[in-house]
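# Sequence first, then the predicted structure, then my questions.
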Amino acid sequence: MSITRREFMQAMALGLSMYASRGMSAGELNLSTKINKILEGSEIPSNYYDIKPFGNVSLLHLTDCHAQLLPGYYREPSMHIGVGKWADEMPFVVGEHLLNHMNFKKGSSIGHAFSSTQYKALANKFGKMGGFAELATVIKSLRQSRPGSLLMDGGDTWQGSATSLWTQGQDMIDACLKLGVEVMTGHWEFTYGMERVKHVIENDFAGKIDFVAQNILDLEFEDPVFNPYTIKEINGVKVSVIGQAFPFTPIANPRHMVKDWQFGLREDRLQEMIDESRDRGAQVVVLLSHNGLNLDMKLAMRVIGLDAIFSGHTHDALPFAFEAKNGGGRTLVINSGSSGKFLALLDLKVEKGKALDYQFNMIPIFSNAIKPDADMAAYIQSVRKPFMSKLTENLAVTNDVLYRRGTFNGSFDQLICNALMESQNAEIAFSPGFRWGMTMLPGQTITFEDVMSQTAITYPTVTRSLISGQNIKNILEDVGDNRFNPDPYYQQGGDMVRVGGLQYTINVGNAGGKRIENMTLNGKPIDAKKKYVVAGWAGVKEIAAGKAIYDVVSDYLRDKKTITSPEINLPIIKNRPGRFGISS
């Protein structure tokens with residue numbers, strides 16, 4: 001490895017998370033990666049983003065920004081329960097466990113970026129993260145020192161904000177063009193419908209951004225809907241980027257929005273595209289994926305010929321490049337967090353037709369430490385201007401941290417459940433286990449824009465239904481198997497459905513259909529035959545128009561005016577694999 005220990009320590013001193021050793025598993029990392037405690041301080045140095053170039057091919061990756069043009073707060077999970085062989089490994093290591101696992105100093109900028117420990121105090125200290133104007137500054141600097149570098153977008157970019165919903169993603173489309181994105185794949189983009197996606201690719205993206213997805217075929221003729229890959233030349237090296245859109249889109253989102261397309265993992269076809277890329281002279285082949293980290297780690301061990309997988313969907317910020325061994329050698333697996341908090345940088349040394357060495361950086365974007373790019377900042381201001389009066393409506397003030405991310409529930413999710421039950425006069429509420437949605441700190445005013453960061457989707461209708469106790473259990477079992485199936489190929493994304501009113505016990509390690517027990521409502525057992533009033537939103541079936549979730553939550557906040565952190569409704573957790581998925 002060409003990087004020296006001294007260079008490694010210097011990079012870590014800048015607060016950057018770099019893992020550049022070879023032949024190590026995630027489990028070995030906590031024993032071998034030593035960070036200089038003196039240099040890894042509690043302040044952000046002025047040269048934080050000066051990263052020494054390495055090799056001759058540089059790949060930049062961002063994913064799951066969920067339409068967050070401005071800097072914001074995003075709290076990493078304090079509960080992230082894994083199953084199977086990775087239950088004790090990253091990313092299922094949280095809070096203090098993560099700090100210990102990675103040897104990150106408590107109270108440091110790098111520790112704050114990757115964990116929820118001391119979140120309120122450290123968020124106030126280090127400030128907001130992300131922002132496209134700040135990302136633009138960092139990306140321009142890195143590309144100036146790395147001529148020919150390639151910027152890739154892993155998807156979930158056009159959805160997650162009010163302005164993105166109201167412009168059908170156009171604000172993000174133009175922002176990505178300004179940012180210099182060259183290759184993209186997708187997931188939530190498809191919820192704008194097939195015609196909108198095709199229009200953007202054929203018009204806005206034409207000759208500028210390659211949209212790739214090897215795993216989407218026409219439903220009738222099984223022809224490819226999009227180009228499966230693109231080959232770019234970087235400093236004389238041919239690099240193939242194969243696209244892998246979210247394979248479970250028609251299940252996780254309304255089927256009618258992509259009614260003419262069929263999705264899937266398509267492992268065999270992926271192998272064909274890898275081999276075809278190599279036959280066409282590609283010396284580096286990477287997968288731009290929206291599968292989710294666990295699924296991609298398994299995939300990396302099964303397919304041969306990928307140098308790296310740039311993963312997305314699960315919002316995991318992986319501080320290092322996971323090295324997956326397979327029949328062809330190794331494949332690096334990288335996951336770049338969400339909400340614009342991180343930018344991944346993979347530098348490769350390519351000689352004699354193959355990648356021989358690498359240097360990896362997962363770069364936290366501390367907005368206060370970056371001078372915003374003037375052109376991007378002006379664009380953001382202009383695209384938001386027509387909507388400012390609505391975006392800035394003050395609804396209530398929060399007295400505690402409101403966050404979403406977590407295996408079973410978050411405080412903002414609980415707020416949504418409470419609003420559903422009150423507005424619909426319901427006994428029980430179900431809210432999707434979405435991972436997107438920005439965090440709010442005590443004393444912040446909750447605006448309409450903040451509500452939209454939690455709820456802005458194209459199918460927001462609130463429902464009120466009568467559901468039998470047996471079907472309530474079936475719903476929980478189904479989502480539970482999706483989340484906790486030990487085989488990553490059967491994990492379709494999302495965290496556990498958030499529940500209001502209902503209490504239950506979950507045996508995480510049990511087989512499918514046998515996880516949910518002891519369901520009660522107000523202390524009384526749920527009757528399998530009795531029907532209960534259940535409120536929900538984001539249903540995947542086509543339904544008649546009704547009130548949108550963002551209007552329901554906004555009305556609830558206007559009425560309350562002050563929000564004291566709601567008591568989070570969590571199940572009793574039994575038979576939990578792994579030791580480090582819940583913060584101590």
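Perfect, thanks for sending it. Values in this document were obtained by computation on a predicted structure and should not be read as measured data. Residues are numbered from 1 along each chain as shown.
# who's in contact with the closest residue to Arg146 other than its chain neighbours?
Computed as Cβ to Cβ, 6 or more residues apart in numbering, the closest residue to Arg146 that is not its neighbour in sequence is Ser58, at 4.0 Å. (Glycine included, C-beta is placed from N, CA and C.) Applying Cβ atoms under 8 Å, 6 or more residues apart in numbering, we find Ser58 in contact with 142-143, 146, 148-150, 234, 345-348.
# what kind of secondary structure is Ser58 in?
The local conformation at Ser58, judged by DSSP: H, G, I helix; E, B strand; the rest coil, is strand.
# how long is stretch 291-310 end to end?
10 Å (Cα to Cα, to the nearest Å).
# Could you do stretch 501-512 as well?
Its first and final residues considered, stretch 501-512 spans 24 Å by Cα to Cα.
# pLDDT averaged over it, what's the number?
The pLDDT scores in stretch 501-512 average 96.
# how about stretch 172-185 as PDB, C-alpha atoms only?
Taking Å, rounded to 0.1, in the frame of the first residue of the first chain, the C-alpha atoms of stretch 172-185 are listed here in PDB:
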ATOM      1  CA  MET A 172     -33.000  19.000  -7.700                       C
ATOM      2  CA  ILE A 173     -32.500  18.100 -11.400                       C
ATOM      3  CA  ASP A 174     -31.100  21.500 -12.100                       C
ATOM      4  CA  ALA A 175     -29.000  21.500  -8.900                       C
ATOM      5  CA  CYS A 176     -27.400  18.200  -9.900                       C
ATOM      6  CA  LEU A 177     -26.600  19.500 -13.300                       C
ATOM      7  CA  LYS A 178     -24.900  22.500 -11.700                       C
ATOM      8  CA  LEU A 179     -23.100  20.200  -9.200                       C
ATOM      9  CA  GLY A 180     -21.600  18.300 -12.100                       C
ATOM     10  CA  VAL A 181     -23.200  14.900 -11.600                       C
ATOM     11  CA  GLU A 182     -22.400  12.600 -14.600                       C
ATOM     12  CA  VAL A 183     -24.000   9.300 -13.700                       C
ATOM     13  CA  MET A 184     -27.100   8.500 -11.800                       C
ATOM     14  CA  THR A 185     -29.500   5.700 -10.800                       C
END
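# Which residue is the nearest non-sequential neighbour of Ser149?
Leaving out its chain neighbours, the residue that sits closest to Ser149 by Cβ to Cβ, 6+ apart is Ser58, at 3.7 Å.
# List the beta-bridge partners for that neighbour.
In this entry, Ser58 is beta-bridged to Asp347, by DSSP bridges.
# mind checking how far it is from Leu343?
For Ser58, the distance to Leu343 equals 12 Å [Cβ to Cβ, to the nearest Å].
# what does Glu76 give?
For Glu76, the distance to Leu343 - Cβ to Cβ - is 16 Å.
# So between the two, which is more surrounded?
Glu76 (27 against 24; other Cβ atoms under 10 Å).
# what separates the more buried one from Leu318, distance-wise?
From Glu76 to Leu318 the distance is 12 Å (Cβ to Cβ).
# ok, now Ile475?
31 Å.
# Tell me which of the two has more neighbours.
Taking neighbours as other Cβ under 10 Å, Ile475 and Leu318 compare with Leu318 leading, 25 against 17.
# That one against Ser338, yeah?
No. Under the criterion of Cβ atoms under 8 Å, Leu318 is not in contact with Ser338, lying 11.9 Å apart.
# Wasn't Cys417 part of a helix?
Yes. Under three-state DSSP, Cys417 falls within a helix.
# residues in contact with it?
With contact taken as Cβ under 8 Å, 6+ apart, Cys417 is in contact with 429-431, 498-501, 569.
# Under the pLDDT cut-off, which ranges of this protein? List them.
Along the chain, segments meeting pLDDT under 70 span 1-43.
# Give me the next element, helix or strand, following the lengthiest helix in it.
Assignment by DSSP state H gives helix 469-484 as the longest helix of the chain. Downstream of helix 469-484, the first helix or strand assigned by DSSP states H and E is strand 498-500.
# List the buried residues for that next one?
Buried positions in strand 498-500, judged by neighbour count with 16 or more other Cβ atoms under 10 Å: 498-500.
# ditto for stretch 497-511
By neighbour count on 16+ other Cβ under 10 Å, the buried set for stretch 497-511 is 497-504, 506-510.
# Tabulate those in a markdown table, adding columns for distance to Ala355.
Below are those laid out as a markdown table (distance: Cβ to Cβ, whole Å):
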| residue | distance to Ala355 |
| --- | --- |
| Val497 | 41 |
| Arg498 | 42 |
| Val499 | 46 |
| Gly500 | 50 |
| Gly501 | 53 |
| Leu502 | 51 |
| Gln503 | 52 |
| Tyr504 | 48 |
| Ile506 | 43 |
| Asn507 | 44 |
| Val508 | 38 |
| Gly509 | 39 |
| Asn510 | 42 |
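# which among those residues gets closest to Lys371?
Of all the buried residues of stretch 497-511, Lys371 sits closest to Arg498, with 38.8 Å by Cβ to Cβ.
# All set now, cheers.
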